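Trainee: Structure here, sequence nowhere to be found:
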């Protein structure tokens, strides 16, 4: 008997060591597919979704997250393949950040046709498609990107004004056509600048566009290839203020400004954060970053989707749920609220107040 007991124990130990022990029993399998995997923004969304799954588990609802995304943020075909693959794996729900607002409509329609509910994050689907079928998605959880663009314009004009610059020349460094979130930022920024141009203050500065038609592309390297020649074309100008609309565009522009020695000459505001960009804010090379709350975005998206599956009414407040946008400057960089937003180490300690949905 002792031999058998020892043998059984040995098998159990071996199975545990090889990861072949009893599998966790999940009530729901949720696929979370971002636009890409490399940016700190997406990693924060992943951490937020994981936190929501852990909190739901404490309530007796076990959730498995299937996290996967394209290697590049301009590879819509790869994202579509991932959607199709995950839908074929028997998932119970999908959280998706669409690379392209129009191209992702059909894949989402196909997923929903299989009775798999979808929550959209970060970038919206085509507005016309949603107007025809509002129930295509459960919820759209995102930053108010138009307002984020307005905040960027306000910050850039402020630092130009504070520097006493009377002839202000504005540069908008765009991201990519079809990316709904960044297009909204671009629109918010451009409308705010256009308003300032059309309604000048008595005795105030003259504001004009220097460039608003250049696109950074999907990677930092792509952004640098565009930013370098762009900056070289007006490096001798004075009073230049630049806005770059996402993490890769902002990083590529910053790198090019450093290469050309323009970080102290031009005023510069970016969107999103990373270790490098935050360091540049501290060093005075970036005059401000408009940051989102991706941790909360990932958390609320998963929380809402699972509550929908649990037969809660998640319709309160409409289809869109904003997670907020904030301006980070050298002055508030070390504020506790700022640190909670941008620090991976502090994010797990945050108190997230999710919507209080009611049972149907």
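Mentor: Received it, and whenever you're ready, just let me know what you need. Given the structure is predicted, the values throughout are model-derived calculations rather than measurements.
Trainee: in which helix or strand would I find residue 341?
Mentor: helix 336-342 (DSSP states H and E).
Trainee: From residue 360, how far off is the closest residue in space to residue 108 that isn't next to it in sequence?
Mentor: Nearest non-adjacent residue to residue 108, counting by C-beta to C-beta, 6 or more residues apart in numbering: residue 118, 5.5 Å away. C-beta here means a position set from N, CA and C on the backbone, and glycine is covered the same way. Between residue 118 and residue 360 the computed distance is 19 Å (C-beta to C-beta, to the nearest Å).
Trainee: Those two: who's more crowded?
Mentor: Each of residue 118 and residue 360 has its neighbours counted (other C-beta atoms under 10 Å); residue 118 has more, 23 against 8.
Trainee: Can you name every helix or strand that the helix or strand harbouring residue 269 contacts?
Mentor: Element membership of residue 269, judged by DSSP H and E, is strand 267-271. Using 3 or more C-beta pairs under 8 Å, 6 or more residues apart in numbering; DSSP states H and E as the contact test, the elements touching strand 267-271 are helix 145-162, strand 240-244, helix 247-259, strand 288-291.
Trainee: Repeat the analysis, applying 10 Å as the threshold.
Mentor: Identification of packing neighbours for strand 267-271 by 3 or more C-beta pairs under 10 Å, 6 or more residues apart in numbering; DSSP states H and E yields helix 145-162, strand 167-174, helix 180-198, strand 240-244, helix 247-259, helix 275-282, strand 288-291.
Trainee: Next, the angle strand 240-244 makes with that strand.
Mentor: 10 degrees (axes from the mean of the first three to the mean of the last three C-alpha atoms, to 10 degrees).
Trainee: buried residues in strand 267-271?
Mentor: Residues of strand 267-271 classed as buried: 267-271 (neighbour count, 16 or more other C-beta atoms under 10 Å).
Trainee: quick one: strands adjacent to it?
Mentor: strand 240-244 (parallel), strand 288-291 (parallel) (DSSP bridges).
Trainee: Turn those into a markdown table, including mean pLDDT, mean neighbour count and distance to residue 261.
Mentor: Output for the strands paired with strand 267-271, formatted as a markdown table (pLDDT from 0 to 100; neighbours: other C-beta atoms under 10 Å; distance: least, C-beta to C-beta, whole Å):
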| stretch | mean pLDDT | mean neighbour count | distance to residue 261 |
| --- | --- | --- | --- |
| strand 240-244 | 98 | 27 | 13 |
| strand 288-291 | 98 | 27 | 21 |
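Trainee: Tabulate those in a markdown table, adding columns for distance to residue 340.
Mentor: As requested, these are exported to a markdown table (distance: least, C-beta to C-beta, whole Å):
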| stretch | distance to residue 340 |
| --- | --- |
| strand 240-244 | 24 |
| strand 288-291 | 11 |
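Trainee: Of all those strands, which one comes closest to residue 67?
Mentor: Comparing those against residue 67 with C-beta to C-beta, the closest turns out to be strand 288-291 (22.1 Å).
Trainee: Quick one, which of the helices and strands packed on strand 267-271 gets closest to residue 38.
Mentor: helix 247-259 (8.5 Å).
Trainee: Could you list every helix and strand in contact with that closest one?
Mentor: Helix 247-259 is packed against helix 40-58, strand 167-174, helix 220-233, strand 240-244, strand 267-271, helix 275-282, strand 288-291, with contacts defined by 3+ C-beta pairs under 10 Å, 6+ apart.
Trainee: Out of the ones you listed, which gets nearest to residue 307?
Mentor: That would be helix 40-58 among these, by C-beta to C-beta, at 8.8 Å.
Trainee: Name the residues of the closest one that are buried.
Mentor: Buried residues in helix 40-58, counted by 16+ other C-beta under 10 Å: 40-53, 55-56.
Trainee: Can you tell me which of these is closest to residue 303?
Mentor: Looking across those and measuring by C-beta to C-beta, the closest to residue 303 is residue 52, at 4.7 Å.
Trainee: from what I can see the closest one touches residue 304, true?
Mentor: Yes - between residue 52 and residue 304 there is a contact under C-beta atoms under 10 Å: 9.2 Å.
Trainee: Need the overlap of contacts for those two.
Mentor: Here residue 52 and residue 304 share the contacting residues residue 354, scored by C-beta atoms under 10 Å, 6 or more residues apart in numbering.
Trainee: how many neighbours does residue 265 have?
Mentor: Counted with other C-beta under 10 Å, residue 265 comes out at 15.
Trainee: With residue 279 instead?
Mentor: The burial count for residue 279: 13, using other C-beta under 10 Å.
Trainee: same deal with residue 315?
Mentor: So residue 315, with other C-beta under 10 Å, has 12 neighbours.
Trainee: so it sits right up against residue 357, yeah?
Mentor: Yes - the pair residue 315 and residue 357 passes the contact test of C-beta under 10 Å, sitting 9.0 Å apart.
Trainee: Which strand runs longest in the chain?
Mentor: Counting by DSSP state E, the longest strand found in the chain is strand 206-215.
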